[in-house]
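> okay, here's the prediction I keep looking at, along with the sequence it came from:
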Amino acid sequence: MSGVRTRAAAFLLVLGLLAAGCGSHPRVGPGQARVEDLSGTVRVAESGATHGLRAVRNGEILRAGDRVRVGSGFLVLRFATARVELRGDGQAVLESSGLRLESGRVLVDDPGRLSVTVGHVSAVSGGGIWRMDRDLSVRLGVYQGSVRVESPGTEQLEVGRLRQIVAAGEVVPRVNEPLRLNGSDNWDRRLLGGALRLDEDLAGVAEGFDRQFQAVRVAPAFFVPFVPESRASVVTAAWVTPASVKSEALFALVCARLVAARHQVSFDEALSRVTSLRAQRASWGIVAADQSLDPDAVLAAVREAVNRPPTLVASRPAVAAPPASSPTEETRKPGSSPSPSPSSSPSPSPGTTDLLDTVVGLLGGTAGMLGGLLGPSPSPS
């Protein structure tokens, strides 16, 4: 019987140790944050302390009023509902509702209402992932979800997914713009790596395509063999001009075709969406992300369009030549007129000939433009 009691006690002891291990992290209360991860030089000046800065310990609890400073490296804080990462020679003060950013960059992943304050400007999370950078100006960028920006004396501004604002001092702009990406930024690479790769890949395609057709005059008809849907597009006819960059127009038309299929809208509606974003200086990666397009699918569609062989064939109706004279042709009587050959066809009128020449010239010119895609024609054997 004593053996049974011993085993039961041992079992309860193991359960207690497991429970203690699972609950080893201190509980985070209001106005507090737990140090979840750190790297490099990270120090804290505790609120009310007289000993100045000290090194931050992983797993410790920081409280409202504590000032943290990140040199080289990063600091990850876990609030009650939010995860906050501080980088870039950053300094911030914990507050009851979030933190006050004094310098550097902060990334917020929060489903609730955590706020980040810069001066008199506050950004309140509407749920999602977003960043705030403080340098000579203040930049707020949203990767997912939305953020509400508040400032005394101004109306609230909602900044949505893949949008940003840049504020000079404490003057908050009333409009937002597409999110700008930086290939050397840790968070951009982590959260929008596919968009960055698409921008890099399309830059190479654009260089080759524009060089291939640098001597070609741009017109809407030029793009029809690459994107047949553009043939009946009213927006294409109004948007493409001789000054258009060829690769820019081609990429927009390809993206429009994908957007139309993805969202079940007309080609012209899709093209209007794409060109509107580009007019706001959105990169191609952001255009794809904004319209929920797979960046790999966009790149594949562009490459398919560029490599599509031309299908235009220019032809003219043949005009029958007069019959050749025969050695046995009988001599006609003076004044007699030759009888018409039953196989001869009437010659086209001058107006018809001019129209045919114009159409053939246009088609031939377009086919010549596209010939570069296939390389030189093989010489006859």
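Everything's here; your move. Numbers count the residues shown, from 1 in each chain.
> residue contacts, R63?
With contact set as Cβ atoms under 8 Å, 6 or more residues apart in numbering, R63 has these partners: 31-32, 46-47, 94. Yep, even glycine has a C-beta here, placed from its N, CA and C like the rest.
> er, D294 actually
Residues touching D294, when contacts are defined by Cβ under 8 Å, 6+ apart, comprise 194, 288.
> for it, give its distance to F209.
Applying Cβ to Cβ, to the nearest Å, one obtains 21 Å for the distance of D294 from F209.
> same thing with T241?
Using Cβ to Cβ, we find T241 at a distance of 18 Å from F209.
> more crowded one of the two?
When neighbours are counted by other Cβ atoms under 10 Å, T241 and F209 differ, and F209 comes out ahead with 22 against 10.
> quick check, that one in a strand?
No. The secondary structure assignment for F209 gives helix rather than a strand, going by DSSP: H, G, I helix; E, B strand; the rest coil.
> relative to A297, how far out is it?
F209 is 19 Å from A297, where distance means Cβ to Cβ.
> who touches D135 in this structure?
Residues touching D135, when contacts are defined by Cβ under 8 Å, 6+ apart, comprise S103.
> what's the nearest residue to S125 if we skip its chain neighbours?
Nearest residue to S125 in three dimensions, chain neighbours excluded: D110, at 4.3 Å (Cβ to Cβ, 6 or more residues apart in numbering).
> so that neighbour touches E85, yeah?
No. When contacts are counted by Cβ atoms under 8 Å, D110 is not listed as touching E85 (11.6 Å).
> for the stretch 51-200 of the chain, what spans make up the strands?
With DSSP state E, counting those that start in this stretch, the ranges of strands along the stretch 51-200 of the chain come out as 54-55, 61-63, 67-78, 83-95, 98-110, 115-118, 121-134, 138-150, 157-159, 163-167, 177-178.
> could I get the ones you listed as CSV with distance to L258 and mean pLDDT?
Formatted as CSV, those follow (distance: least, Cβ to Cβ, whole Å; pLDDT from 0 to 100):
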stretch, distance to L258, mean pLDDT
strand 54-55, 52, 94
strand 61-63, 47, 96
strand 67-78, 37, 94
strand 83-95, 34, 94
strand 98-110, 30, 96
strand 115-118, 36, 94
strand 121-134, 25, 94
strand 138-150, 22, 95
strand 157-159, 26, 94
strand 163-167, 21, 94
strand 177-178, 18, 98
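> can I get these in JSON lines with distance to V254?
What follows is the strands of the stretch 51-200 of the chain, written out as JSON lines (distance: least, Cβ to Cβ, whole Å):
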{"stretch": "strand 54-55", "distance to V254": "54"}
{"stretch": "strand 61-63", "distance to V254": "50"}
{"stretch": "strand 67-78", "distance to V254": "39"}
{"stretch": "strand 83-95", "distance to V254": "36"}
{"stretch": "strand 98-110", "distance to V254": "33"}
{"stretch": "strand 115-118", "distance to V254": "39"}
{"stretch": "strand 121-134", "distance to V254": "29"}
{"stretch": "strand 138-150", "distance to V254": "25"}
{"stretch": "strand 157-159", "distance to V254": "29"}
{"stretch": "strand 163-167", "distance to V254": "24"}
{"stretch": "strand 177-178", "distance to V254": "19"}
